[in-house]
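Q: what follows is a predicted structure for the sequence shown.
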Amino acid sequence: MKSTVRNLTVITLTALAFTVPLGAQTRAPVDSATTATIRRLLDLIGAAPLALRSMESMIPAQRAASPQVPAVFWDAFLDRARRNISHLVDEMVPIYAAHFTPAQLNELVRFYESPLGRHLAEVQPLVAQESIQAGQRWGGAIGRVVAESLTRAGVKLPQ
């Protein structure tokens, strides 16, 4: 039982690492106008659904890597993430405020309200997914070439 609790703790902390920005620090409060602009921008770019889709796509690998963790944990984890996605958006507001001026934020909103911006927001998840797949194929090809080269040189690699 202790092992299962420890594993769940490690997995939960790992999952949190996907949602907590590296180097996050206490940030200054954000004024209401800037907050509204950022929330509008996050809505236009589909930040919350994209974050959920990313998390949902990672769970199968987490399940496979941690077969000792019961499926009910992952189901409950995703259910809670879906219910609490607004908390992630709340956490993103000061991050955007720290990296963009109000004028830049307004310009981004105008862009994402344009036909091209709406199209970008629509296809960006597909572009990202296809880019990841291309990167996996590219990395796999490099791995095969390096493994073949090392094997020919007499290096014993694990099967």
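A: In hand now; what should we look at? Residues are numbered from 1 along each chain as shown.

Q: buried ones in the host helix or strand of residue 119, by neighbour count?
A: Per DSSP states H and E, residue 119 falls inside helix 115-152. Under the neighbour-count criterion of 16 or more other CB atoms under 10 Å, helix 115-152 has 117, 121 buried. Where C-beta positions appear, they are placed from N, C-alpha and C, glycine not excepted.

Q: could you say what helices and strands it packs with?
A: Applying 3 or more CB pairs under 8 Å, 6 or more residues apart in numbering; DSSP states H and E, we find helix 115-152 packed against helix 32-45, helix 47-65, helix 102-113.

Q: which element is residue 98 on?
A: Assigned by DSSP H and E, residue 98 belongs to helix 85-99.

Q: between that helix and helix 32-45, how big is the angle?
A: 120 degrees (axes from the mean of the first three to the mean of the last three CA atoms, to 10 degrees).

Q: so for the strand or helix carrying residue 76, what gets flagged as buried?
A: Applying DSSP H and E as the criterion places residue 76 in helix 71-83. Across helix 71-83, burial judged by 16+ other CB under 10 Å covers 73, 74, 77, 81.

Q: of those, which is the nearest to residue 55?
A: Set against residue 55, the nearest of the buried residues of helix 71-83 by CB to CB is residue 81 (5.8 Å).

Q: dump the buried residues of helix 71-83 into CSV; add distance to residue 32 and pLDDT as well.
A: Shown next, in CSV, are the buried residues of helix 71-83 (distance: CB to CB, whole Å; pLDDT from 0 to 100):
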residue, distance to residue 32, pLDDT
73, 38, 94
74, 37, 93
77, 33, 94
81, 27, 95
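
Q: and those residues, which two are furthest apart?
A: So, these by CB to CB: farthest apart are 73 and 81, at 12.3 Å.

Q: out of the buried residues of helix 71-83, which is nearest to residue 37?
A: residue 81 (25.5 Å).

Q: quick check: the closest one touching residue 52?
A: Yes. If you go by CB atoms under 8 Å, residue 81 and residue 52 touch, sitting 6.5 Å apart.

Q: any idea how far residue 112 is from residue 81?
A: Counting by CB to CB, to the nearest Å, the separation of residue 81 from residue 112 is 24 Å.

Q: what does residue 149 give?
A: 46 Å.

Q: go on, residue 30?
A: On the measure of CB to CB, residue 30 and residue 112 end up 19 Å apart.

Q: ditto for residue 52
A: Per CB to CB, residue 52 is found 19 Å from residue 112.

Q: quick one, which of the two is more surrounded?
A: residue 112 (20 against 16; other CB atoms under 10 Å).
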